[in-house]
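In: Starting from these lines, generate the structure:
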Amino acid sequence: MSRPALDVLIVEDEMLLAIELEHLIEEAGFHSLGCAMSSDEAVTLARQLNPDLALIDVHLSDGPTGVDVARRIAKDCGGVALFMTANVKRLPDDFAGACGVIGKPYSGHGVKSALSYLAICLTVGHAPGPAPAGLTLAPAYADRWGVVDTLT
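Out: Numbering: from 1, shown residues only. The predicted structure is shown next:
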């Protein structure tokens, strides 16, 4: 079985982390669409590029606007957001419409495993099993994808 395609937008204002994420995305066999450092840039790029997945930090160059970006990408662009943040406790209960979160610091292996898992979920509409270590699914997406074990 071939790997599902996945176009990923990075929303991260720390350039070294953005470059690392871009490398991990490509190494996992997916396509990086580029990087946005602010909320307006993120939404503009999402509208133009229609990513399958947006990796979003909570704190961007224009402040703690990542939660708003996730909501706007889900509502206005039809994309799926995944938070990548050290501020997991700052996420709202509904995850702002995002499919989940990977807490920082993260490992390269953890990011690649999460991307592969999410590619399957997004392509076939259900999870291949429990989420890999390091990925916490939002309750709405766990229900949507039929994930029973959502231990955090």
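
In: buried set for the top helix by length along the chain?
Out: The longest helix of the chain (DSSP state H) is helix 108-124. Using 16 or more other CB atoms under 10 Å as the test for burial, helix 108-124 gives 110-122. No exception for glycine: its C-beta is placed from N, CA and C like everyone else's.

In: now it: how far from the chain's centre is it?
Out: Counting by CA atoms, centre = their mean, to the nearest Å, helix 108-124 is centred 10 Å from the centre of its parent chain.

In: helices and strands around it, which ones?
Out: When contacts are defined as 3 or more CB pairs under 8 Å, 6 or more residues apart in numbering; DSSP states H and E, helix 108-124 packs onto helix 15-27, strand 53-56, strand 80-85, strand 100-103, strand 135-137.

In: Reformat those as TSV; add mean pLDDT and distance to Ala127.
Out: What follows is the helices and strands packed on helix 108-124, written out as TSV (pLDDT from 0 to 100; distance: least, CB to CB, whole Å):
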stretch	mean pLDDT	distance to Ala127
helix 15-27	96	20
strand 53-56	98	15
strand 80-85	96	14
strand 100-103	96	11
strand 135-137	97	8
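
In: Could you say which of these is packed most deeply?
Out: Mean neighbours per residue, mean count of other CB atoms under 10 Å, is largest over these for strand 53-56, with a mean of 28.

In: Would you mind measuring from Val58 to Ala127?
Out: From Val58 across to Ala127, the span is 25 Å (CB to CB, to the nearest Å).

In: neighbour-wise, which of those two wins?
Out: Val58 (24 against 20; other CB atoms under 10 Å).
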